[in-house]
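In: Just a sequence and a predicted model for now, questions to come.
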Amino acid sequence: MRTTFWAGVVGVCLACGLSGLGCGGDDDGATPVDSTGPAGGGGSGAASCSGLDTSALVSELSPAEVEQACKGYRRCSAEQMTVELMCRMQGVLGAAYGDDAGTNDAELQAKCSELVEGCMADPSQAEQLIEQAIADVEAEPCGQPTQCTATIAEIDACAVEMRGATRKVLPECSALTMAFYEQTDRGDTLLEGACGKLSLGCFPLFASLRDE
């Protein structure tokens, strides 16, 4: 499989799903987040990835603070992209779209396991793909929030939900089925939680939104 293909896949995940990660513990979104508190696991005193006061209004941020917040969220997203996650991503996607793709549940699971095991045995390619994708995302200009009345705390709460949803999208190889690739509603539930409270104009602050 071509390195550029996998780098593109990781880049899309970073851009659309992982770009607003909290910097704290990996709770996979299982613990409800208090939108009035800081991001990254909900512990008292935890810092926002933005480096800003969590009570600050996005609409009142200076251009320098917007740039700081944007880069902070991107830094946190980079820290969350691990070799293990990358290898699982390769397994899940490669099982259906790579060479000798599976045509039924059993074949998908076997192919996924084979790819994940091979990736974990030699993680150098995964590490290179992560570095390339992160570099691509970080090279993009920071977006400018518009008509966003949210606080940094509310941005952080959405960011944590995005982290949990992104990780839960990828099943274990043993649970992989043909039906997984036919789902069309992944991510829709985000609009029912903290992210649903934000206007679209808030998202450029912490998530790179690509047209491709």
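Out: Thanks, I have it.
In: avg pLDDT for stretch 197-212?
Out: Stretch 197-212 comes out with an average pLDDT of 78.
In: again but with stretch 103-113, I slipped
Out: If you average the pLDDT values across stretch 103-113, you get 96.
In: How about stretch 167-180?
Out: On average, stretch 167-180 scores 89.
In: likewise stretch 131-148?
Out: Here the average pLDDT along stretch 131-148 is 87.
In: measure that stretch end to end?
Out: 32 Å (C-alpha to C-alpha, to the nearest Å).
In: One more: stretch 58-67?
Out: Taking C-alpha to C-alpha as the criterion, the two ends of stretch 58-67 lie 12 Å apart.
In: what's the offset of that stretch from the middle of its chain?
Out: Distance, stretch centre to chain centre, for stretch 58-67: 23 Å (C-alpha atoms, centre = their mean, to the nearest Å).
In: repeat for stretch 154-165
Out: The answer for stretch 154-165 is 9 Å, by C-alpha atoms, centre = their mean.
In: Same check on stretch 124-140?
Out: The answer for stretch 124-140 is 14 Å, by C-alpha atoms, centre = their mean.
In: Stretch 93-102 too?
Out: Per C-alpha atoms, centre = their mean, the centroid offset for stretch 93-102 relative to its chain is 22 Å.
In: Only the buried residues of that stretch, if you could.
Out: Of all the residues in stretch 93-102, those buried under the rule 16 or more other C-beta atoms under 10 Å are 93, 94, 95, 96, 98, 102. C-beta coordinates here come from the backbone N, C-alpha and C atoms, glycine included.
In: Stretch 117-125 too?
Out: For stretch 117-125, burial by neighbour count (16+ other C-beta under 10 Å) applies to 119, 120, 125.
In: now do the same end-to-end measure for it.
Out: 13 Å.
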